[in-house]
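Trainee: Fold the following.
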Amino acid sequence: MDICSRNFNGFMLQKTEIVICLGSSCFARGNKHLVQLVKTYLADRQLTHKVIFKGKHCFGNCESGPAIEIDQRRYNNITSETIVEILDKALATKI
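Mentor: This next block holds a predicted model:
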């Protein structure tokens, strides 16, 4: 998997990493739906080649789920209403 991409000047840029918790608690609280929302968000904005999107078994913070990490910054209690705003802010420089 390529962890870098080139910008318009040809410089190598590290890809943003988005990790979504797929532990049973987060999954039961809606992360299955959030996975699809993130995939759609990235595809609609042509960002799939600039982002590594993957799941992780558990973040170990079940009471605060659903959870997602973007470049090692954790966001808790994510909903389908808040995910787009979080992605917009986190990926603003990638768009």
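Trainee: quick one: average pLDDT of stretch 59-68?
Mentor: Average pLDDT, stretch 59-68: 94.
Trainee: ok, residues contacting that stretch?
Mentor: Here stretch 59-68 makes contact (Cβ atoms under 8 Å, 6 or more residues apart in numbering) with 18-21, 23, 25-26, 29-31, 34, 38, 69, 74-79, 83, 86. To be clear about C-beta, it is placed using only N, CA and C from the backbone, and glycine gets the same treatment.
Trainee: Just those: which are in strands?
Mentor: Among the contacts of stretch 59-68, the members falling in strands (DSSP state E) are 18-21, 69, 74-75.
Trainee: In a markdown table: those residues, plus distance to residue 42.
Mentor: Compiled in a markdown table, the ones in strands among the contacts of stretch 59-68 are given as follows (distance: Cβ to Cβ, whole Å):
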| residue | distance to residue 42 |
| --- | --- |
| 18 | 8 |
| 19 | 14 |
| 20 | 12 |
| 21 | 18 |
| 69 | 15 |
| 74 | 19 |
| 75 | 16 |
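Trainee: Selecting buried members of the contacts of stretch 59-68 in PyMOL, what would you type?
Mentor: The buried subset of these, as determined by 16 or more other Cβ atoms under 10 Å, is captured in PyMOL by this line:
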select buried, resi 18+19+20+21+23+25+26+29+30+31+34+38+75+78+83+86
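Trainee: one step back: quick one: which of the ones in strands among the contacts of stretch 59-68 is nearest to residue 91?
Mentor: For the ones in strands among the contacts of stretch 59-68, the closest approach to residue 91 (Cβ to Cβ) belongs to residue 18, at 8.7 Å.
Trainee: Spit out the contact partners of that closest one.
Mentor: By Cβ under 8 Å, 6+ apart, residue 18 lies in contact with 38, 51-54, 68-70.
Trainee: give the contact list for the closest residue in space to it that isn't next to it in sequence.
Mentor: Using Cβ to Cβ, 6 or more residues apart in numbering and skipping residues adjacent in sequence, the residue nearest residue 18 is residue 53, 4.7 Å away. Counting by Cβ under 8 Å, 6+ apart, residue 53 makes contact with 18, 20, 38-39, 42.
Trainee: same question, residue 24
Mentor: Per Cβ under 8 Å, 6+ apart, neighbours of residue 24: residue 58.
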